[in-house]
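In: Build me a model from this:
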Amino acid sequence: MNDVPMATPSVEVIAKTFTGKLLRSTDAAFDEARRVHNGLIDKRPELIACCMGTADVVDAVKLGRDLDLEIAVRGGGHNVAGRATVDSGLMIDLAPMKGIHVDAKSRTARCQGGVTWGEFNRATQLHGLATTGGAISTTGVAGLTLGGGLGWLMPKYGMALDNLVSAEVVTADGKVLTASEKDNPDLFWGLRGGGGNFGVVTSFEFRLHPVGPIIYGGLVAHPFEKARDVLRFYREATASLPDEIMALAALVHAPDGSGAKLAAILVAHCGDLAAGEKALKPFKDYGPPVMDALGPIPYATLNSMLDGGYPKGALNYWKASFLSALSDEAIETMIESFAKCVSPMDSLLLEHFHGAVCRVPVEATAYAQRTESYNFGVLGEWADPVKTQECIAWTRKTYDAMKSYMAARRYLNYLGDDEASDSTRVAYGPNFDRLQKLKAKYDPRNVFHLNQNIPPAT
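Out: Numbers count the residues shown, from 1 in each chain. Alright, predicted model coming up:
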């Protein structure tokens, strides 16, 4: 890469009014700004536009087009495939855009595109309100919402995108549009699941719900040798859960650094505290567990409980797909594969989809996975770069071993850069053709293609 500061007149012109920072590789803040959450991603943009507001984003989009630079958009920078950055292109960085406004009376909140779920929950929980957000608090609101938005409140209130009321969008031609049920409804439909394909979303307005500040939830863990029974118990328990309960299961390592393998269930009840304690008693009583962290917990704390397992800078390689069923054979394969894992940070994850998220018609939003089922993830994570090829190989081998149990459905936010060319089509299912036409309307030149890309219809 050429480290000589650019003398392009367009950059000089934009710099006069740009309220954020335009960073080149020679700037002291460049190296930190270019990094995303996944330490496996090591890209060097030509220019990073650290935006402070919508006007900065407009100028950055126009600049990228004028200079014919590939454009990547960073919200929280949490996407494991590293789609928030680019080599030798322009990174439009929304991280400085941290504004949040909560209207407790109307039960809505608006936030800018650089807000994380931890920051969002902190603001809304002052009023005992929340909307479905990420289970890791450092995840960005923008990327999670645009690609789906699973979280603890999903069975009761739907995904994050199901709670989106409106959005402000900067399109590929630099226009600023409002997208809602009334304004540009076709764009609003596409944003709810269409990822970053249609523009840069600079702010989001969400519907809020009374949740917390204290709910009943947490984690229980059992010895790995009990994993078969634990996962069968999880399957039986999730067959008839009320909307108030979200339940995950995972094969993980003990958080004490011992490397001991565990079978864990993570569960939360978003309703009345006493009702939650009663409803989750079977999870607490089963076992007995070797670790019991299930009880009253602040909703915001629940959403940061897993943060320590996914630190910024750790090396990550993930693969995921929905299962057709959590059969005994699938459980056996999971256990056999996890026994051979490489890193003490590796895990296998099951996310149960049921309730409100599954009652939304497939055609109502761009997001199409509305069937009650389990999303299965192989989360390869390690700290030593020497282990990279070995850890990636384990992730791929485990995923391949589970393929015969998978359904033809994918969760967009978990798609990696090495996926088959039809993976996006599979993720969108019957909505894909409509999305291609929408892409042709709002981004016919595919300016925003560094994402889970939808090629414009021709």
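In: what is the mean pLDDT for stretch 385-404?
Out: Taken as a whole, stretch 385-404 has an average pLDDT of 97.
In: so what's E70 closest to, chain neighbours aside?
Out: G89 (3.5 Å; Cβ to Cβ, 6 or more residues apart in numbering). All C-beta atoms are positioned from the backbone trio N, CA, C, and that covers glycine.
In: What is the burial count for that neighbour?
Out: 20 (other Cβ atoms under 10 Å).
In: can you check I100 too?
Out: 16.
In: and what of the one 3 residues further on?
Out: When neighbours are defined as other Cβ under 10 Å, D103 has 13 of them.
In: Show me the beta-bridge partners of it.
Out: T108 (DSSP bridges).
In: The nearest residue to T85 once chain neighbours are set aside - how many residues pack around it?
Out: Distances taken as Cβ to Cβ, 6+ apart place K43 nearest to T85, at 4.5 Å, with adjacent residues excluded. Applying other Cβ under 10 Å, we find 16 residues neighbouring K43.
In: Over to K43. Which of the three states is it?
Out: coil (DSSP: H, G, I helix; E, B strand; the rest coil).
In: where's it relative to K319, distance?
Out: 21 Å (Cβ to Cβ, to the nearest Å).
In: Same check on T139?
Out: 19 Å.
In: between these two, who's got more neighbours?
Out: More crowded of T139 and K319, by other Cβ under 10 Å: T139, with 26 against 23.
In: Hmm, that one is touching T116, no?
Out: Yes. Contact criterion Cβ atoms under 8 Å: T139 and T116 qualify, at 6.4 Å.
In: can you list residues touching both of the two?
Out: G76 (Cβ atoms under 8 Å, 6 or more residues apart in numbering).
In: Please report how far D93 lies from L47.
Out: 10 Å.
In: Would you agree Y234 falls within a helix?
Out: Yes. Counting by three-state DSSP, Y234 is found in a helix.
In: Please report the number of neighbouring residues for N453.
Out: For N453, using other Cβ under 10 Å, the count is 15.
In: Which secondary structure state does M305 sit in?
Out: coil.
In: got a list of what it touches?
Out: 218-219, 266, 293, 297.
In: can you name the two of those residues that are farthest apart?
Out: Distances among the contacts of M305 were taken as Cβ to Cβ; the most separated pair is L266 and I297, at 11.4 Å.
In: Between the two, which is the more surrounded one?
Out: L266 (26 against 22).
In: And the helices in the stretch 351-458 of the chain?
Out: Per DSSP state H, counting those that start in this stretch, the stretch 351-458 of the chain has helices spanning 388-401, 423-428, 432-442. These are given in chain order.
In: possible to save the ones you listed as TSV with distance to G199 and mean neighbour count?
Out: Formatted as TSV, these follow (distance: least, Cβ to Cβ, whole Å; neighbours: other Cβ atoms under 10 Å):
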stretch	distance to G199	mean neighbour count
helix 388-401	32	17
helix 423-428	18	21
helix 432-442	7	18
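In: Quick check: buried residues in stretch 184-203?
Out: 184, 187-203 (16 or more other Cβ atoms under 10 Å).
In: try stretch 281-300
Out: Buried, per 16+ other Cβ under 10 Å, within stretch 281-300: 283-284, 286-287, 289-291, 294, 297, 299-300.
In: Domain-wise, how is this protein divided?
Out: With domains defined by automatic domain parsing, the chain comprises 9-93, 100-211, 214-414.
In: Identify whichever of the ones you listed lies nearest to A457.
Out: Using Cβ to Cβ, these put domain 100-211 closest to A457, at 12.4 Å.
In: Quickly note the distance from the closest residue to F233 other than its chain neighbours to K226.
Out: Leaving aside its sequence neighbours, F233 sits nearest to Y286 (Cβ to Cβ, 6+ apart; 5.7 Å). Counting by Cβ to Cβ, the gap from Y286 to K226 is 10 Å.
In: ok, now K281?
Out: 19 Å.
In: again with P213
Out: From P213 to K226 the distance is 34 Å (Cβ to Cβ).
In: ok, D93 and L47, which is more surrounded?
Out: Taking neighbours as other Cβ under 10 Å, D93 and L47 compare with D93 leading, 29 against 22.
In: so who does that one touch?
Out: Contacts of D93 (Cβ under 8 Å, 6+ apart): 33, 48-51, 74, 114.
In: How many neighbouring residues does G114 have?
Out: Neighbour tally, G114, other Cβ under 10 Å: 24.
In: hmm, back to that, and the helices of the stretch 351-458 of the chain as CSV, adding distance to N121?
Out: Formatted as CSV, the helices of the stretch 351-458 of the chain follow (distance: least, Cβ to Cβ, whole Å):
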stretch, distance to N121
helix 388-401, 30
helix 423-428, 27
helix 432-442, 30
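In: closest to Y411 out of these?
Out: helix 423-428 (7.2 Å).
In: List the contacts of K319.
Out: Per Cβ under 8 Å, 6+ apart, neighbours of K319: 377-378, 395-396, 399, 414, 416.
In: Apply 10 Å and report the result again.
Out: 80, 376-380, 392, 395-396, 398-400, 402, 410, 414-416, 418-419 (Cβ atoms under 10 Å, 6 or more residues apart in numbering).
In: Thanks again, I'm all set now.
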